[in-house]
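Asks: return a 3D structure for these sequence lines:
(chains A, B, C and D)
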2 protein chains.
Amino acid sequence: MSAAKDRLRLWLRLLKVVRGMEQEVREKLRREHNTTLPRFDVMSALSRHPEGLKMSQLSGVLRVSNGNVTGIADRLSDEGLVERTPVPGDRRAIILRLTMAGQKEFARQARAHEEWIDKMLAGVSPADAREMAERLQAFATAAESEEKETANAQ
Amino acid sequence: MSAAKDRLRLWLRLLKVVRGMEQEVREKLRREHNTTLPRFDVMSALSRHPEGLKMSQLSGVLRVSNGNVTGIADRLSDEGLVERTPVPGDRRAIILRLTMAGQKEFARQARAHEEWIDKMLAGVSPADAREMAERLQAFATAAESEEKETANAQ
DNA sequence: CAAAAATATTTTAAGGTTGAAGTAAAATGC
DNA sequence: GCATTTTACTTCAACCTTAAAATATTTTTG
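Replies: As a prediction, the model looks like this:
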């Protein structure tokens, strides 16, 4: 009976902590790097795929809509941080890739980002961090399989 | 040295879990209740304050900008779910309050919301939920005092 | 092969979000 | 008391976000 309340309380706490930290990251990105979290996320995904990603792959990885990525790519492209190149053999598709300038800029941002997080979570010991990460991992996979089951059940 | 990496990993995991759940909640609110998370949040805050809240109190509680609440209140008001009443003695201020219809509608939504969360976190035992909530609480307060210290240091 | 279906992306409309600028009213200071 | 500052709120411009519609291209199918 109270299980639901305990879980709800956990959820509200998670939401509060994550939103608070996220807001701080957004503000620092804006003030210190003149960018936004969605832009950072896009560049981060691209930096993990130096060969570039198709628009649809990118929106898949980031779990956002296609149209969303279009707009962000437009703006990053205006600033010369990413480039669009055609996919040989499929004239519908486009590959998005960090430019040299984009790689450099992202490296700077990522360094700062890691420091911010380290400071924000300074109260969590590395061991605790590893343990909690593992537990969250368990949720995530459990939640996903649950989701699939529900989807299949319909 | 690797402490920063451990904390970063924890952060990315937290972000992933919370974003995933949040997205699911958003979608369910949209599809099953024809509303949005920000609207739900506003109504939730108002339901905890039956006497109503001034616009500025509301944006303070929700930690969003003033202008933000204005827009959401406009739309909720159009649908008759909240009402604005003047504050006697201060013609600048406005009290926002759930209407009867708003209270009823929010009660429905909150019931469903609690169930969704309970299902999503079904893999977490009540005891684990309580323990994690407590730990997160510790972060939050630690992070806040850290923030204040940094602010003071400048 | 031509019609139909599927795929990749962009555009659009509606809402959410912010910081900054604008308006109005109240409080403060001289 | 009146000028200044502060407070409460709204408006604005820019960006993020989505689902749905529109475009263009490729694949499938009859």
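Asks: quick one: pLDDT of the residue positioned nearest the centre of chain A?
Replies: The centre of chain A sits closest to A:Asp41, judged by C-alpha atoms, centre = their mean, with a distance of 4.5 Å. Listed pLDDT for A:Asp41 reads 97.
Asks: next up, the contacts around it.
Replies: A:Leu62 (C-beta atoms under 8 Å, 6 or more residues apart in numbering or on different chains). C-beta here means a position set from N, CA and C on the backbone, and glycine is covered the same way.
Asks: element containing it, please.
Replies: helix A:37-47 (DSSP states H and E).
Asks: and the contacts of stretch A:5-13?
Replies: Contacts to stretch A:5-13, defined as C-beta under 8 Å, 6+ apart, come from residues B:21, B:114, B:117-118, B:120-121, B:124, B:126, B:129-130, B:132-133, B:136-137, B:140.
Asks: what comes up buried for it?
Replies: Under the neighbour-count criterion of 16 or more other C-beta atoms under 10 Å in any protein chain shown, stretch A:5-13 has A:Asp6, A:Arg7, A:Leu8, A:Arg9, A:Leu10, A:Trp11, A:Arg13 buried.
Asks: surely the fourth one forms part of a helix?
Replies: What that stands for is A:Arg9. Yes - under DSSP: H, G, I helix; E, B strand; the rest coil, A:Arg9 falls within a helix.
Asks: would you list every one of the strands in chain A?
Replies: Counting by DSSP state E, chain A has these strands, from start to end: A:53-54, A:82-87, A:90-98.
Asks: deepest-packed of these, please.
Replies: strand A:53-54 (a mean of 18; mean count of other C-beta atoms under 10 Å in any protein chain shown).
Asks: is there proximity between that strand and DNA strand D?
Replies: No - judged by C-beta under 7 Å from any atom of the strand, strand A:53-54 makes no contact with DNA strand D; its nearest approach is 12.7 Å.
Asks: helices or strands next to that strand in the packing?
Replies: When contacts are defined as 3 or more C-beta pairs under 8 Å, 6 or more residues apart in numbering or on different chains; DSSP states H and E, strand A:53-54 packs onto strand A:90-98.
Asks: around DNA strand D, pick out the residues from chain A.
Replies: A:36-39, A:63-68, A:71-72, A:75, A:89-92.
Asks: give me the pLDDT value at A:Gln125.
Replies: Careful, residue A:125 is Ser and not Gln. pLDDT, the model's per-residue confidence, is 87 for A:Ser125.
Asks: the one 3 residues further on now?
Replies: pLDDT, A:Asp128: 88.
Asks: which segments of chain A make up each domain?
Replies: Split into domains by automatic domain parsing, chain A comes to A:3-122, A:125-154.
Asks: what's the closest of these to B:Ser47?
Replies: domain A:3-122 (14.1 Å; C-beta to C-beta).
Asks: coming back round to it: possible to save the strands of chain A as a markdown table with distance to A:Phe106 and mean pLDDT?
Replies: Converted to a markdown table, the strands of chain A look like this (distance: least, C-beta to C-beta, whole Å; pLDDT from 0 to 100):
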| stretch | distance to A:Phe106 | mean pLDDT |
| --- | --- | --- |
| strand A:53-54 | 14 | 96 |
| strand A:82-87 | 10 | 95 |
| strand A:90-98 | 6 | 95 |
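Asks: closest one to B:Leu53 among these?
Replies: Evaluated with C-beta to C-beta, these place strand A:82-87 nearest to B:Leu53, the distance being 43.2 Å.
Asks: and the closest one with strand A:90-98, angle?
Replies: 150 degrees (axes from the mean of the first three to the mean of the last three C-alpha atoms, to 10 degrees).
Asks: show me what strand A:82-87 is packed up against.
Replies: Contacts defined by 3+ C-beta pairs under 8 Å, 6+ apart place strand A:82-87 against helix A:37-47, helix A:66-78, strand A:90-98.
Asks: dump the ones you listed to TSV, plus distance to B:Arg31.
Replies: TSV is the format used below for these (distance: least, C-beta to C-beta, whole Å):
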stretch	distance to B:Arg31
helix A:37-47	24
helix A:66-78	19
strand A:90-98	30
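Asks: looking at the ones you listed, which is closest to B:Gln57?
Replies: Here helix A:37-47 is closest among the helices and strands packed on strand A:82-87 (C-beta to C-beta), at 27.3 Å.
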